[in-house]
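Student: task: produce atomic coordinates for the following.
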Amino acid sequence: MVRRRIPERTLRERILDRDEYRCVYCAEILPADSLTLDHVQPKLRGGDRSPGNLVTACRTCNAEKGSAPAWVYLSDRTEQRENFLRYARGVWPRHRRAIVEEVVKGSKRTA
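Tutor: Numbering: from 1, shown residues only. Next comes the predicted model:
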């Protein structure tokens, strides 16, 4: 008897499922072909392709964020930041902390 190996779901499929096909920045639920995988900490800045560093993002939000780390992009975008903290449950805790810390730093600068 030949045993057939069942292919693993791709990383993309796992992230889309985890994030419920929702852009974690604008909170819009979209079909898979309208979503991208976004690096919370971009590869250019040392980020990797681990699930804890990847989130789903619509093309518009991903383009707006560009190569900025999520904590920089979200520092002055209250609604997107709240969405991210609500829906990006699978990211590394250090990324979530960095977002909150960036907001605190920003509020101290304006005080």
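
Student: which other helices and strands contact the longest helix along the chain?
Tutor: When the chain is scanned for its longest helix (criterion: DSSP state H), the result is helix 93-110. Where contact means 3 or more Cβ pairs under 8 Å, 6 or more residues apart in numbering; DSSP states H and E, helix 93-110 is packed against helix 70-73, helix 78-87. For glycine as for every other residue, the C-beta is placed from the backbone atoms N, C-alpha and C.

Student: low-confidence regions, this protein specifically.
Tutor: 1-8, 107-111 (pLDDT under 70).

Student: backbone dihedrals for the residue nearest to the spatial centre of it, please?
Tutor: The residue lying closest to the centre of the chain (Cα atoms, centre = their mean) is residue 55, at 3.0 Å. Torsion angles at residue 55 (phi, psi; degrees, to the nearest 10) stand at phi -140, psi 160.

Student: which parts of the longest helix of the chain are buried?
Tutor: 95, 96, 98, 99, 102, 103 (16 or more other Cβ atoms under 10 Å).

Student: ok, stretch 55-62 next?
Tutor: 55, 56, 57, 58, 61, 62.
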